[in-house]
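Participant: sequence and predicted structure, then a few things I'm wondering about:
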Number of protein chains: 2
Amino acid sequence: MSVTVVGSIAFDAVTTPFGERSRMLGGAATHFALAASFYDTVDVVGCVGDDFTDADMALLGTRGTRLDDVERVAGSRTFTWRGEYGWDLNSRETLSTELNVFAAFDPSLSDRSRSADVLFLANIQPQLQLRVLELCERPRLVALDSMNLWIETERDALLEVIERVDCVLLNDAELRQLTERPSLLAAAGELLSWGPDVVIAKQGEYGAALITADGFFALPAYPLESVIDPTGAGDTFAGGFVGYVGRHLDEPMGNEMLRCAVAHGTALASFNVEEFGVERVIRLGAEEIEERVTELSRITQFEHAPIGLMS
Amino acid sequence: MSVTVVGSIAFDAVTTPFGERSRMLGGAATHFALAASFYDTVDVVGCVGDDFTDADMALLGTRGTRLDDVERVAGSRTFTWRGEYGWDLNSRETLSTELNVFAAFDPSLSDRSRSADVLFLANIQPQLQLRVLELCERPRLVALDSMNLWIETERDALLEVIERVDCVLLNDAELRQLTERPSLLAAAGELLSWGPDVVIAKQGEYGAALITADGFFALPAYPLESVIDPTGAGDTFAGGFVGYVGRHLDEPMGNEMLRCAVAHGTALASFNVEEFGVERVIRLGAEEIEERVTELSRITQFEHAPIGLMS
């Protein structure tokens, strides 16, 4: 099996209370691929400018990620995002977004990317997501991320893609905005009625929730003494979650498996935020992921024994 | 055993997107007592005005809560809070706070209140919390709640009380503000170093976390299709949590027991928010609480089996 991801490849300039980086490899497809490559071979579909060096390309290709469909466009510059986080990292201000080479991005997929079993449509224009989906032959699992901008400005196109995917990953506020339902559970239920089988509510420092027709599951974020840079945490989560699900396509997509997938996404995301950008994840080992998944299981379990309450 | 709580008894005027109430029984001591009375007999220490009717008193005394130490002050009016919630209930604006009878509150405790095994110092001025703590003889468990106002204006007095309690319940933002640590885990660790053995981080719609020297535990809120009024959820949580811990004072305060206490607090709080004010909790049955605790266990468990990741 293999995983294809389409999405941004970026240079990020990030300031957090704990330091700053002026030009670090980032972008949704990058973070996703670095995480998903623990589970399967990943093909990245995207574009960069000629300021994207061979060293950047090598970093993106960590753990065997295939880059044949990453187009390096002469005379263009790579997508750039600049942002700054507040003191407890819960607020983020975007200082600038330069689409650059992405403004004219027209994805073309190699035969191999097209034939992937798993397709992740990272957060880009819904029209691009739809085009890539149509280029693919018969992915057995399609997952999608999006953002408030597209919900506001490209709602119809976004709904058209959503109807055709298996899994939607959004944060709580986006789920509410998209469905116009104030309750998270009601919002997720509404979204399930549009076609997808799985909704993931990303909740930042509070972890993530999984909602399917079979029920609800929530997992806290892995507790860390120190978080340095949350950039890319959601895409790293998606890489772990989608990667894990992709490894289990030959069995029915049951809740037990999906819960473990959430745990893997959560573990991956926790490493991502411990250092700037991709710095931690590129030198991560598989056994470290397993350890945190086990620890996540430990910090969420309790044994309930009735005690005889007063009435 | 018995539980004594000191804190506000109030009339709340609340507007949420789902309706409004102009004068409903509220206040921290009220919500706490209604929840804790499932676990033990509760004595409430507080004061009300002569606008507080016998019917209000009867409501406060639901499930046998004892009201001998609730002073009804002639010529005074009951503490009143007016507030309005935003569309997804995550933002709240206080429209007015009238201390009224609470402005001159000088708590006096009956022998029975003084001899309680468990003391809950609900969110009031730290000086009052300290006075009540000093009036008590030898409570085996003392828990405390507070708020941003006291952290800002009465920090020294608050620290003096905190050093003398076993358990502190605050929301995430208050924990960060109090300790000046941006990381929740670091903030809780700092607080533990000041004396308490247990820190509860209240996280609203995301549930609650428990931090002790032995480790970390987090539990999501009970998932609800519809939340009507979050007022009092934190105090209701405290009632379930402290009530449960109080029932286990004769055993070592282990993490397994504390986790169950968090689950009980979470279950109680979930009922509280389903209707306005105390409307749901006053007609709650013990078996309903047990059912939700069991369900909370179901929606948080996962079985982890290593899958062999790629390196």
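Facilitator: Sure, I can see it. Keep in mind it's a predicted model, so treat the numbers as computed, not measured. Numbering: from 1, shown residues only, chains lettered A, B, ... in the order given.

Participant: okay, and the helix or strand of chain A with the least pLDDT?
Facilitator: Lowest mean confidence among the helices and strands of chain A (mean pLDDT, DSSP states H and E): strand A:92-98, at a mean of 92.

Participant: and the lengthiest helix in chain A, what's buried?
Facilitator: Taking DSSP state H as the criterion, chain A has its longest helix at helix A:255-272. Counting neighbours by 16 or more other CB atoms under 10 Å in any protein chain shown, one finds that the buried residues in helix A:255-272 are A:255, A:257-272. C-betas here are computed from N, CA, C, even on glycine.

Participant: anything in it near chain B?
Facilitator: Yes: using CB under 8 Å from any CB of the partner chain, helix A:255-272 comes into contact with chain B via A:256, A:259-260, A:262-263.

Participant: now that helix, how far from the centre of its chain.
Facilitator: A distance of 12 Å separates the centroid of the chain from that of helix A:255-272, by CA atoms, centre = their mean, to the nearest Å.

Participant: which is the next helix or strand following it?
Facilitator: Reading on from helix A:255-272 to the C-terminus, the next helix or strand found by DSSP states H and E is helix A:286-298.

Participant: and the angle from that following helix to helix A:255-272?
Facilitator: 120 degrees (axes from the mean of the first three to the mean of the last three CA atoms, to 10 degrees).

Participant: may I see the buried residues of helix A:286-298?
Facilitator: Within helix A:286-298, judged by 16+ other CB under 10 Å, the buried ones are A:286, A:289-290, A:292-293, A:295-297.

Participant: name the helices or strands packed onto that helix?
Facilitator: The helices and strands touching helix A:286-298, judged by 3 or more CB pairs under 8 Å, 6 or more residues apart in numbering or on different chains; DSSP states H and E, are helix A:255-272.

Participant: start to end distance for stretch A:245-255?
Facilitator: End-to-end distance for stretch A:245-255: 11 Å, by CA to CA, to the nearest Å.

Participant: contacts for it?
Facilitator: Contact partners of stretch A:245-255, identified using CB atoms under 8 Å, 6 or more residues apart in numbering or on different chains, comprise A:1, A:3, A:36, A:39-40, A:117-118, A:140-141, A:143, A:167, A:197-198, A:210, A:212, A:214-215, A:217, A:257-258, A:261, B:307.

Participant: enumerate the residues of the stretch 1-150 of chain A near chain B.
Facilitator: By CB under 8 Å from any CB, the residues of the stretch 1-150 of chain A that approach chain B are A:17, A:37-40, A:63-64, A:87-89.

Participant: for the stretch 151-300 of chain A, that is, sorry about that
Facilitator: The stretch 151-300 of chain A has residues A:176, A:182-186, A:189, A:203, A:205-207, A:209, A:215-220, A:223-227, A:244, A:247, A:256, A:259-260, A:262-263, A:285-286, A:289-290, A:293-294, A:296-297, A:299-300 near chain B, with proximity defined as CB under 8 Å from any CB.

Participant: quick one: the strands in chain A?
Facilitator: Secondary structure of chain A (DSSP state E): strands located at A:2-6, A:10-16, A:19-26, A:41-49, A:70-73, A:79-85, A:92-98, A:118-121, A:141-145, A:167-171, A:198-202, A:208-212, A:215-219.

Participant: by contact count, what packs against the longest one?
Facilitator: To tie it back to what came earlier, the one meant is strand A:41-49. Counting by 3+ CB pairs under 8 Å, 6+ apart, strand A:41-49 packs on strand A:2-6, helix A:28-36, helix A:54-60, strand A:70-73, helix A:111-114.

Participant: these two touch, right, A:Arg131 and A:Pro107?
Facilitator: Yes: between A:Arg131 and A:Pro107 there is a contact at 6.3 Å, judged by CB atoms under 8 Å.

Participant: residues contacting the closest residue to A:Ile282 other than its chain neighbours?
Facilitator: Leaving out its chain neighbours, the residue that sits closest to A:Ile282 by CB to CB, 6 or more residues apart in numbering or on different chains is A:Thr62, at 5.0 Å. Residues near A:Thr62 by CB under 8 Å, 6+ apart: A:34, A:37, A:278, A:282.

Participant: thank you, goodbye.
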